[in-house]
Structure formats: C-alpha cells, structure tokens
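**Q** here are the coordinates; sequence isn't available:
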C-alpha cells in the first residue's frame, strides 16, 4: 500500500461515520479476519460499523472473536448516500460479493476496495491494493499500524487468522519478511496462536479422517503421475463429503509431477482436480475437458463415470508428460 | 541470552582460534542448522572451524548448505588445550553428544554450551542458555545479530531450517514474537523458504504415503479414545518402516483426548505411542507398562502380540479417562 492510499483512507475515516464491511462469497479466514479486525478498529473510533456478507459464515470461522456479529444480506436501514462507506475486503470485483447488485447500487455507497489479488479490477472510490501482501489481513495489519490505531487481542487474533489462512500457515511462497513482522507483532498483541492453529489447520471430524484413509488407499502412481479417487460409497461409509485439499496429499510424494484427484459425483459425472509440482501446466490439461484454473492447480467436470473419466484423464496427463 | 553471556562469547571469539562444533546424537534440523550457521559465521572470522558429530547426518538434512562438511567422530589432529573450543549446539549434557567420553576428556577443550532446553545441565566453561527461545537456532540467530556478524543466504537457510524444525513450522506453542522476528530477517537474508518447507515438511516417499493409508485404515475411535496400528505385513507391502509422527494424525480428530499408535515389532513385542490432546497425563499410562516420556507424549514397549497389547493399552486408557 502506498502512502497516498493510506492518507486517502485516513481522510475517509475523518469524513465519514457509517461503515459496512464485507467480503467475497464463501468467505475464508482472510476475508472474515480482515472484516473483524477492521470492525473493532472502527468501533474504537466510535464509528457506526456493521459486518455483512451475502451468505453465512462457515462453521470453522465462528470462533473468531466477533464472527457472531456478521449478518447475512444488506440491512434495510442503511443510509443511502456517499457518507456511507462500503469497505470490501479480499474481493476482486463487486459481483463477487454475491449481493443483489441492484440493491447495492440503490444504496450508492462510497466504496473502499481493499485487496491483495492481482486479479482485482480496481473498482470503487478508493483502492487499497498490495499484490505483494501475502493476505488482505497483512494489508489490514499495516493499515492499522500506519494509522496508529490500537490493537486488542480480538483484532490481533482475527488478523493473524487471515494471514495464516492465506499463507497455509507460512507454507506458501507468498510468505515474505513483512508477513513474519506482522505475525510477530500480532502474537505480541495477543493473537490466539494455539487456538487458530488447532481450529483452522488441525482439527478434523472423525469422518473426514476416515474418508482420507479410504481415498489414500485408492492411490496409484506410475512414474511422475499419481492419482486417487473418492466414490459415493466412500462418502456414504464415512458420512463425510468433504474432500477439500485431499489432492495435495499426492503432491507430497517425492518424484511426482502431476497429482490427480477424481470425485465420483453421479454415474455420468466425475469432478477432477489437478495439481502440478513443478513446471507442467495442468491448466492446459483441465482445459481439454472444458475446465480451467491456474498452471499449478486446476479442475474440470467430465460427463463420464469414474472409470472412463480416470482413463481419459490419465491419458491426457501422460500426453502432457511425454 | 543475557548480555553478559554474549560479551563472554565475544571474548572467546577474540581469544581463541580453533573451534569444533557439534550437536546431540540423532541430530535434528535445529542442531545441524545451528552448527552450520555458526560454522559459516566463524569461517568468516578466519577461524579454524570443523563440524563433527558422533554419527552421520540424516538424509533429509543433507540439502542444508554445508551439511556435507560435517564429519563423524573426533578428528585425530585436534589441539589438546584450552585454546580449542568445543561448541555444543542443542545438547543437554556431554554424554548426549554420543562421543567416547574419554577421548573427549583427553582433549580438554574449552566448552561452550549453547542450548534452549530447560533440561540442560549447565555444563561447560561458558553457558549460552535461553529456555524461552523456540530453538537453539533462534539463539544462534540472535547471537549472530548481536555480535554484528554478516549473514549469507547459506547461514540464513541453515538457521531458518532449525527454527522451522523445532516449532513444527510455527505450529507449536513455543512460537513467540521473537521467533517471527528472526524468521523475518532470515527470509530477508535469503533463507531458502520453499526448499526447506518442501524437503523438511512435505516431501515423502510413495511407500510412506501408502503406509500412512494402511495405518489410517486401521483407525478406530470410541468416545475420546482413538487408536490405530501398523503391522509387519503393512511394512512389507509398502516397503517402508517409517511411522514417525503418524500418531499425531489421531490428535487431529475433533473430540479426541487420547491417541494411541501400536506398532507390531515381533510376535511378543509391540511398541506403543501415546498422545494427549488436553489434560490427560499419558506419561502415567505409559509408566504402567514400564515406559515414559512427557504428559502429552509418551511411549512404551509391551511384551505381547499386537492384539493382546491393544486390549491392555485400551483398558489402561479407559481407566485414565474414567
């Protein structure tokens, strides 16, 4: 964030009194954490602040102090003028907020767009953007610091949770020296380190662990290609259908280049997730099946049963490897 | 580390020319990383430095820049006087270094004992101790900083690897604000973040992942007690006998209090690992079987086959829970 943006935001704080904070649909720890940290900071400045989302807060984030204050949908009683600020955290564009656009436009708020995604479309009246920041919460941290606002353990916990979410607990390459400086200060300000680590990164339902066991048992590997699947029968046996991130287990294998996870949905529908460890572009493989994503992580939906989909996908992967 | 200790170490650096650095048996990333960081720092001061261990460096640490310079055993040509410094990193006492004590005493070196374990026996001529430091490498970091020595990417990588090892990549409760400050500076000095994360925390052999799948499939849970086992047949099928840390998978389960991992060794020998999530003292359970450890992590060897050992262990756990 440049100094001009921060100065502009300081003026917004001086000028305006009503703030509603929001984030993208299916909000993660970074969006929710950033909203909550800013909520407490603005409350301390005696602002009228509300946190709103287009949908509910996911169960796993409800422990964040203040998550219970987030409401769903646009409240009816919001002032409809430019003195009302809509501060969006971690959202690349307005539609991604998930609200009914017409209701939002009728409000005509002053929009502050705080985000760290390069895909951000620079919408709004004031853009606070730092593509080098590991997380929107890393930006929120430096914003609060540079505005000389006071930290509370609640704010520190929310902000820290966002940084941990977007860095995969300091795993990803977006982790930078400034990220650790923020983490250091947040820990000193009382961030609930152990609780966040356990609730966001470690704790799982028994069913999820049973499902992981069944899925891992289907694992196969041929040279640099590893794959595994989840069937509906596995989901029924474990009473769990959460397969998020399971594909990443395959990327742990020493000499794997492409990891593939296939999820049986129906008899004629299979969802596939691709991961690349090094230089293979799995986005290209996914696009052959009408899917897409990024070079290192992509997905597709195939109109075939699990067995047929597996054959077709492995063939495409082997083509890419050869 | 207090200022007096650092000043004393500065005098050692002024007075003495020959340093041999060592660490405990089965050295981990913290011991090896600390040795390597200090090796490069002392080399830059034109000291005569060698790194020695009683056994070989584990395969997974060989990527650390300088690990190849570590030799096994006490070299024959070391000077035998108080001008020779033996600097021990991360070792609680002299026997734990694993060397032949008589050979070591014959050398009669000036011993500097750098460690962060509360169990350290304060041996040596100069003790550099900080029980609050997350890792010996966190101490090495602050030592190098306070002595105003220069960092190289090699030193930063070694030191960072040690901090990550002892904090479980910033997971454990020993992670403190100073730990993140050190991490921030080390990253800025060129620590090979992605390589360390992948090689020390993610990369696994295919066999290890297959073994994890089989072991996880043996998982059972009754209330707050979860257990699983590894048989010799599983080891044979996967050609892997590395079960390190597998027990921790069970502690991820939401309402588990005690996690138990049983490893079939022979027909009349079963090794058992216990983990506690909250307040149960598993050291007491392990001690019933002649084993021991810590309140949250302990182990025992039972002179029974897997089935009998399982029954006896579950009974003892249920007794502790009720």
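**A** Arrived safely. Since the model is a prediction, treat every value here as computed from it, not as a measurement.
**Q** look up how far residue A:226 lies from residue A:267.
**A** For residue A:267, the distance to residue A:226 (CB to CB, to the nearest Å) stands at 25 Å. C-beta coordinates here come from the backbone N, C-alpha and C atoms, glycine included.
**Q** give me the more crowded residue out of those two.
**A** residue A:226 (27 against 10; other CB atoms under 10 Å in any protein chain shown).
**Q** the more buried one should be in a helix, yeah?
**A** No: secondary structure of residue A:226 (DSSP: H, G, I helix; E, B strand; the rest coil): strand, not part of a helix.
**Q** ok, it - contacts?
**A** Neighbouring residues of residue A:226 by CB atoms under 8 Å, 6 or more residues apart in numbering or on different chains: A:219, A:220, A:250, A:253, A:256, A:258, A:259, A:260, B:206.
**Q** need those in JSON lines with distance to residue B:303 and pLDDT, can you?
**A** What follows is those, written out as JSON lines (distance: CB to CB, whole Å; pLDDT from 0 to 100):
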{"residue": "A:219", "distance to residue B:303": "35", "pLDDT": "98"}
{"residue": "A:220", "distance to residue B:303": "39", "pLDDT": "98"}
{"residue": "A:250", "distance to residue B:303": "39", "pLDDT": "98"}
{"residue": "A:253", "distance to residue B:303": "37", "pLDDT": "97"}
{"residue": "A:256", "distance to residue B:303": "41", "pLDDT": "97"}
{"residue": "A:258", "distance to residue B:303": "47", "pLDDT": "98"}
{"residue": "A:259", "distance to residue B:303": "43", "pLDDT": "98"}
{"residue": "A:260", "distance to residue B:303": "45", "pLDDT": "98"}
{"residue": "B:206", "distance to residue B:303": "34", "pLDDT": "97"}
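**Q** is stretch A:141-149 positioned near chain B?
**A** No: under the criterion of CB under 8 Å from any CB of the partner chain, chain B is not reached by stretch A:141-149; the shortest gap measures 12.3 Å.
**Q** what comes up buried for the helix-or-strand element of chain A with minimal mean pLDDT?
**A** The helix or strand of chain A with the lowest confidence, counting by mean pLDDT, DSSP states H and E, is helix A:101-107 at a mean of 86. Within helix A:101-107, the residues that qualify as buried are A:104, A:107, counting by 16 or more other CB atoms under 10 Å in any protein chain shown.
**Q** after it, which helix or strand is next? Please name it.
**A** Going down the chain from helix A:101-107, the next helix or strand is strand A:110-115, by DSSP states H and E.
**Q** starting at the chain centroid, how far to that next one?
**A** Distance of strand A:110-115 from its chain centroid, counting by CA atoms, centre = their mean, to the nearest Å, is 18 Å.
**Q** could you look up the SS state of the residue nearest to residue A:299 when sequence neighbours are not counted?
**A** Among residues not flanking residue A:299 along the chain, residue A:273 sits closest, at 4.8 Å (CB to CB, 6 or more residues apart in numbering or on different chains). When classified by three-state DSSP, residue A:273 comes out as strand.
**Q** for residue A:273, give me its contacts.
**A** Going by CB under 8 Å, 6+ apart, residue A:273 touches A:247, A:260, A:261, A:263, A:297, A:298, A:299.
**Q** mind doing that once more with 7 Å?
**A** Contacts here follow CB atoms under 7 Å, 6 or more residues apart in numbering or on different chains; on that basis residue A:273 touches A:247, A:261, A:299.
**Q** quickly note the distance from the residue most central in space within chain A to residue A:20.
**A** Here the mean C-alpha position of chain A is nearest to the C-alpha of residue A:28 (CA atoms, centre = their mean), at a distance of 4.2 Å. Going from residue A:28 to residue A:20 by CB to CB gives 19 Å.
**Q** rewinding a little: which ones among the contacts of residue A:273 lie within strands?
**A** A:261, A:299 (DSSP state E).
**Q** how many residues are close by the closest residue to residue A:142 other than its chain neighbours?
**A** Setting aside the residues directly before and after it, residue A:142 is nearest to residue A:1 in space (CB to CB, 6+ apart), at 6.4 Å. Look at residue A:1: counted by other CB under 10 Å, it has 19 neighbours.
**Q** hmm, residue A:1 is touching residue A:144, no?
**A** No: with contact defined as CB atoms under 7 Å, residue A:1 does not reach residue A:144; the gap is 11.5 Å.
**Q** for chain A, which residues are neighbours of chain B?
**A** Contact residues (CB under 7 Å from any CB of the partner chain) of chain A with chain B: A:169-171, A:173, A:175-177, A:180-181, A:183-184, A:187-188, A:193-194, A:197, A:202-206, A:209-210, A:212-213, A:216-217, A:219, A:221, A:249, A:252-254.
**Q** list buried residues within those.
**A** Listed as buried from the residues of chain A next to chain B are A:169-171, A:175-177, A:180-181, A:183-184, A:187, A:193, A:197, A:202-206, A:209-210, A:212-213, A:216, A:219, A:221, A:249, A:252-253; burial here means 16+ other CB under 10 Å.
**Q** per-residue pLDDT, residue A:82?
**A** Reported pLDDT at residue A:82 in the predicted model: 85.
**Q** all helices of chain A, in order?
**A** Taking DSSP state H as the criterion, chain A contains helices spanning A:3-15, A:29-44, A:101-107, A:136-146, A:153-167, A:177-188, A:193-196, A:206-217, A:232-238, A:282-288, A:306-321.
**Q** weakest of the ones you listed by average pLDDT?
**A** helix A:101-107 (a mean of 86).
**Q** surely residue A:265 meets residue A:271?
**A** Yes: counting by CB under 7 Å, residue A:265 does reach residue A:271; the two are 5.7 Å apart.
**Q** show me what contacts residue A:255?
**A** Applying CB under 7 Å, 6+ apart to residue A:255 gives the contacts residue A:224.
**Q** show me chain A divided up by domain.
**A** Following automatic domain parsing, chain A resolves into domains at A:3-202, A:207-321.
**Q** gap between the two ends of the last one?
**A** I take that to be domain A:207-321. End-to-end distance of domain A:207-321 (CA to CA, to the nearest Å): 35 Å.
**Q** equivalent analysis for the first one, please.
**A** Distances were taken as CA to CA; on that basis the terminal residues of domain A:3-202 are 38 Å apart.
**Q** please state the offset of that domain from the chain centre?
**A** Here domain A:3-202 is found 12 Å from its chain centre; the criterion is CA atoms, centre = their mean.
**Q** again with the shortest one
**A** Centroid displacement of domain A:207-321 relative to its chain, using CA atoms, centre = their mean, is 21 Å.
**Q** any idea which residue of the stretch 1-150 of chain A lies closest to chain B?
**A** Nearest to chain B in the stretch 1-150 of chain A, going by CB to the nearest CB, is residue A:60, at a distance of 11.0 Å.
**Q** what's the burial count for that residue?
**A** 13.
**Q** rewinding a little: tell me the one of the contacts of residue A:273 nearest residue B:132?
**A** Nearest to residue B:132 out of those is residue A:247 (CB to CB; 39.3 Å).
**Q** run through the residues that contact the closest residue to that closest one other than its chain neighbours.
**A** Residue nearest to residue A:247 in three dimensions, not counting chain neighbours: residue A:261, with 3.7 Å by CB to CB, 6+ apart. Residues counted as contacts of residue A:261 (CB under 7 Å, 6+ apart) are A:228, A:246, A:247, A:273.
**Q** let's see that with 8 Å instead.
**A** By CB under 8 Å, 6+ apart, the contact set of residue A:261 is A:215, A:227, A:228, A:229, A:230, A:243, A:246, A:247, A:250, A:272, A:273.
**Q** any idea what it is bridged to?
**A** Residue A:261 has these beta-bridge partners by DSSP bridges: residue A:228, residue A:273.
**Q** tell me the pLDDT of it.
**A** We have a pLDDT of 98 for residue A:261.
**Q** distance of the residue lying closest to residue A:20 once chain neighbours are set aside from residue A:38?
**A** Distance criterion CB to CB, 6+ apart; nearest residue to residue A:20, sequence neighbours excluded, is residue A:50 at 4.8 Å. From residue A:50 across to residue A:38, the span is 12 Å (CB to CB).
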